[in-house]
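Asker: this one's sequence-less:
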C-alpha cells in the first residue's frame, strides 16, 4: 500500500512539474519573464532538476538583465549537460553583462601540453571514446582470430595494438580531466558589489572588489567565509552568502 501511495505521489509531482514547465514556457513567450522564472524556480524547489529547466531559467533571468542568476543557471545547465552548444552560447552572452573582465593566467610547459591535449573534451566524452576503441579492439581481435591469411592476420594484429594503445590513452585522458574537474568548485558572485578581504574577518585589509556575475573558484571554507581564487590567480576571502556554488552540495 505504501509503495502505491509513493508511486502516486511521484506521478502527481511529475505531472505538476510538467505543467509548471509548460506554464513557464508560455509566460516566457508572452514576455512575462519574471513569471516564467517563478515557474521554473518552483520546479527546482520541488527537487526536480534538469538542464532544460536551468537553461530556460537562465534565459528568463537574462531577459530580466539579472547577470548573476542568468550566469549561475547556465552554469548549472552545463553541469548537467556538458557541451550543450545552446547553453554555451547563451552563457557567453550573459558573461558579457558582467563588469569584471578578469584575464585567465595562461598554462605553461608540460601542464599546458597535457591540458591542450585533453581539456577540449569532457571526461564523459573521453569515456565514450575509450568505449569506441575497446569495441574496435574486439572487432580486430575477431578478425585476427578468424582470418586464414597470414598477411591479413598481421594487419589485424597491428591494429589490435594500436586500438589498445589509443584505448589506454583515452582512459588516462578521462581520469585526468575528471581529476581536474573534481578539484574545481566554482561559484558565482551575486551581490552587485563585494569587497574581497585578505583574511577571513571583517577588519582584514581589502584585497580587491568583485561585481555580480563573476565566476570564482572556492578553495576553502572557514567560519562563514570562503577563500576564492580568480582566473588570474588572485586569491582572497568573501562572506559565504555573497557567492553561490554551482556544484550540488
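Answerer: Noted; the coordinates are in hand. Note that this is a predicted model, so its numbers are computed, not measured.

Asker: which strand or helix spans residue 125?
Answerer: Applying DSSP states H and E as the criterion places residue 125 in helix 123-146.

Asker: show me what counts as buried in that helix.
Answerer: By neighbour count on 16 or more other CB atoms under 10 Å, the buried set for helix 123-146 is 123, 125-127, 129-130, 133-134, 136-137, 140-141, 143-144. All C-beta spots, glycine's among them, are computed from the backbone N, C-alpha and C.

Asker: adding distance to residue 100, write these out as TSV.
Answerer: As requested, these are exported to TSV (distance: CB to CB, whole Å):
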residue	distance to residue 100
123	29
125	30
126	32
127	35
129	36
130	38
133	42
134	44
136	46
137	48
140	52
141	54
143	57
144	58
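
Asker: which one of these is nearest residue 190?
Answerer: Closest to residue 190 out of the buried residues of helix 123-146 is residue 123 (28.7 Å), distances taken as CB to CB.

Asker: tell me the pLDDT at the residue nearest to the spatial centre of the chain?
Answerer: Closest residue to the average C-alpha location of the chain: residue 79 at 2.8 Å, with CA atoms, centre = their mean. pLDDT, residue 79: 90.

Asker: which SS class is it?
Answerer: Using DSSP: H, G, I helix; E, B strand; the rest coil, the structure places residue 79 in helix.

Asker: could you find the closest non-adjacent residue to it?
Answerer: In space, and not counting its chain neighbours, residue 79 is closest to residue 246: 6.2 Å by CB to CB, 6 or more residues apart in numbering.

Asker: check contacts around the one you found.
Answerer: With contacts defined as CB atoms under 8 Å, 6 or more residues apart in numbering, residue 246 is in contact with 72, 75, 76, 79, 186, 187, 188.
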